[in-house]
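> Sequence first, predicted coordinates after that:
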Amino acid sequence: MRQWTAGLLIGVVATTLIVGYPQVWAQKPTNFGERSSASDSLVALSFDLGEGRQQVTVVDPKTRVLAVYHIDRATGALTLRSVRQTHWDLQMDEFNSGSPTPREIRALAERR
């Protein structure tokens, strides 16, 4: 359950970054009030999986590609777990959602 929750959280954050935030300022040295316009910078999200493992998710906002790596802290081994281009995922209205679905909510709102 903990890993599922962590994966869901990382997925939501990554999707939010890809869709909603064209510029990322984390870990970028800037002067106060000065911002760069490098919207194609990679974004890295890290999460402790416990048991000596860490998960790093790398997001490329320019190509909308998401890559997930697992790192074994004891050995330093880096394993690519998955890569996905999210363009078509983000075109769906709903997937694996419970009731009420977005379509049902829209129909209720349109009746008012």
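Perfect, thanks for sending it. Numbers count the residues shown, from 1 in each chain.
> My guess is L45 contacts T57. True?
Yes. Between L45 and T57 there is a contact at 4.5 Å, judged by Cβ atoms under 8 Å. The C-beta positions use only the backbone N, C-alpha and C, and glycine is treated the same way.
> Give me the more crowded residue out of these two.
A count of neighbours by other Cβ atoms under 10 Å puts T57 above the other of L45 and T57, at 21 against 17.
> export the one helix or strand that one maps to as PDB, just CAs?
Following DSSP states H and E, one finds T57 within strand 53-60. Taking C-alpha atoms only, strand 53-60 is exported to PDB below (Å, rounded to 0.1, in the frame of the first residue of the first chain):
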ATOM      1  CA  ARG A  53      16.200   1.800  -2.000                       C
ATOM      2  CA  GLN A  54      15.400   5.100  -3.500                       C
ATOM      3  CA  GLN A  55      13.200   6.000  -6.500                       C
ATOM      4  CA  VAL A  56      14.100   8.900  -8.800                       C
ATOM      5  CA  THR A  57      11.600  10.100 -11.400                       C
ATOM      6  CA  VAL A  58      13.000  12.200 -14.200                       C
ATOM      7  CA  VAL A  59      10.600  14.300 -16.200                       C
ATOM      8  CA  ASP A  60      11.400  16.000 -19.500                       C
END
